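In: Predicted model and sequence follow; I will ask about them next.
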Amino acid sequence: MNIQDTLKELPRKFHEAYERLAPTFGYETREDTKEFDADSPNGKLMGAVVNEVMTKALEDTREEAVTGETSDGFHTFNELYEFRKLYNAGLFNEWAKQGLFNVHKSKKHSDGEECFGGGWFIVTATLPTGQISNHYELKDWDLFQVEDRELADVWDCHTPQDVAHRLEQFLKGEE
């Protein structure tokens, strides 16, 4: 079952789980559960319902989620990663062509270790707002027409959230 179908089914599944579990918490009708307190039997019932339904929903979609074919209804993760790679190559190539920033690629991190044990490379740019980078498979090496270095610059410990923030700051002209 795909994620969209699973989400459409959630209200029905919540109702079914509620009806099945309510008697085990001492409730016979919906009117009995109008008050809500997380520590009350009703709160515990609702917690059990949510836990059961969400666990089943995750089980139903787990295989799809790890295939890269998970979709938001418009694009799969595979498509979005492909777009990211191509946008990134286009932008980094333009910066390199114009001699802007410190843009380079390497099959090895700054410590001399191959990226992910081999078969991958890192592309890095140092903007006025900080370092940004991504890893790609070696099959995509030629997409990036930037300086090729033996070792990448030392990683400044940036996270994906840092990269997004630094790019946004850069686009807004902040430093």
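Out: Sure thing, it's come through. Numbers count the residues shown, from 1 in each chain.
In: Format the CA atom coordinates belonging to the helix or strand hosting residue 170 as CSV.
Out: With secondary structure defined by DSSP states H and E, residue 170 is part of helix 160-171. Written as CSV, here are the backbone C-alpha positions of helix 160-171 (Å, rounded to 0.1, in the frame of the first residue of the first chain):
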residue,chain,number,x,y,z
PRO,A,160,22.0,19.6,6.5
GLN,A,161,20.1,22.2,8.4
ASP,A,162,23.2,24.4,8.4
VAL,A,163,23.5,24.1,4.6
ALA,A,164,19.9,25.1,4.1
HIS,A,165,20.4,28.1,6.5
ARG,A,166,23.6,29.1,4.8
LEU,A,167,22.1,29.0,1.4
GLU,A,168,19.1,31.0,2.5
GLN,A,169,21.3,33.6,4.1
PHE,A,170,23.5,33.7,0.9
LEU,A,171,20.4,34.2,-1.3
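In: what ranges do the helices span in this protein?
Out: In the chain, the helices defined using DSSP state H lie at 3-21, 41-65, 77-97, 160-171.
In: can you tell me which of those helices the model trusts least?
Out: In terms of mean pLDDT, the lowest-scoring of the helices of the chain is helix 41-65 (a mean of 62).
In: how close does residue 142 sit to residue 168?
Out: Computed as C-beta to C-beta, to the nearest Å, the residue 142 to residue 168 distance reads 29 Å. (Each C-beta comes from the backbone N, C-alpha and C, glycine too.)
In: Out of these two, name the residue with the larger neighbour count.
Out: Shown here are residue 142 and residue 168; by other C-beta atoms under 10 Å, residue 168 has more neighbours (11 against 8).
In: quick one: that one and residue 81, what's the gap?
Out: 20 Å.
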